[in-house]
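>>> Provided below for reference: sequence and predicted model.
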Amino acid sequence: MEIRLDDVTDPRVIMLLEEHLRDMRADSPPESTHALDCTALQAADVSFWTLWQQDQVAGCIALKMLSPDHGEIKSMRVAPAFRRQGLARALLAHLIAEARRQGLVRLSLETGTPPAFEPSHRLYETCGFRDCAPFADYRADPYSRYMTLLLE
């Protein structure tokens, strides 16, 4: 397993992200789907990592900077063939360590509320994330759950 800083240009990565967007759109209405597309993941304020098993992309995660001390987790995804192997936890641990290295004091995320998101909720909760009010440009939304982690 190798986690790499990525530039979102590899066709295999693009396919994983397109699958991610399709799934997010299937579970939430358009106004409640906040997943970033490939172009948005290439923005200067976003760092994007992929997880590889040999020559296969197994997952991805991104960190969007909201302020000098606050970041948002975006585009966390594990490919279906690699699920239930602890890879989501590995990606999240990598991003948390990187956030601490960069001096962030808070990480937040927006995730869905439909049943398909329950495994993500459990992962975030076991890693110390707690529910919070909408942050950044988000608004209260029955299809969104907001969580945050203080990095102290």
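That came in fine, so what should we check first?

>>> what about L17, helix or strand, and which?
Following DSSP states H and E, one finds L17 within helix 11-27.

>>> ok, now L66?
Assigned by DSSP H and E, L66 belongs to strand 56-67.

>>> one step back: contacting residues around the helix holding L17?
Helix 11-27 is contacted from outside by 6, 8, 33, 35, 37-38, 41, 50, 56-57, 59-60, 75, 77, 79, 112, 114, 116-117, using C-beta atoms under 8 Å, 6 or more residues apart in numbering. All C-beta atoms are positioned from the backbone trio N, CA, C, and that covers glycine.

>>> can we see that at 7 Å?
Residues from elsewhere that reach helix 11-27 (C-beta atoms under 7 Å, 6 or more residues apart in numbering): 6, 33, 35, 37-38, 50, 57, 60, 75, 77, 79, 112, 114, 116.

>>> circling back: from the contact counts, what lies against the strand holding L66?
helix 11-27, strand 46-53, strand 70-78, helix 87-101 (3 or more C-beta pairs under 7 Å, 6 or more residues apart in numbering; DSSP states H and E).

>>> which stretch in those has the least confidence?
Set side by side, those give their lowest mean pLDDT on helix 11-27, at a mean of 84.

>>> let's see it as CSV, backbone CA atoms only.
C-alpha atoms of helix 11-27 as CSV (Å, rounded to 0.1, in the frame of the first residue of the first chain):
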residue,chain,number,x,y,z
PRO,A,11,-7.3,8.0,-15.9
ARG,A,12,-7.7,5.4,-13.2
VAL,A,13,-8.0,8.2,-10.6
ILE,A,14,-10.5,10.1,-12.7
MET,A,15,-12.6,6.9,-13.0
LEU,A,16,-12.7,6.5,-9.2
LEU,A,17,-13.7,10.1,-8.8
GLU,A,18,-16.4,9.9,-11.4
GLU,A,19,-17.8,6.8,-9.6
HIS,A,20,-17.7,8.8,-6.4
LEU,A,21,-19.7,11.7,-7.9
ARG,A,22,-22.2,9.3,-9.4
ASP,A,23,-22.8,7.6,-6.0
MET,A,24,-23.1,11.0,-4.2
ARG,A,25,-25.6,12.2,-6.7
ALA,A,26,-27.6,8.9,-6.4
ASP,A,27,-27.9,9.3,-2.6
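
>>> and that helix with strand 70-78, angle?
Angle of helix 11-27 versus strand 70-78, following axes from the mean of the first three to the mean of the last three C-alpha atoms, to 10 degrees, is 100 degrees.
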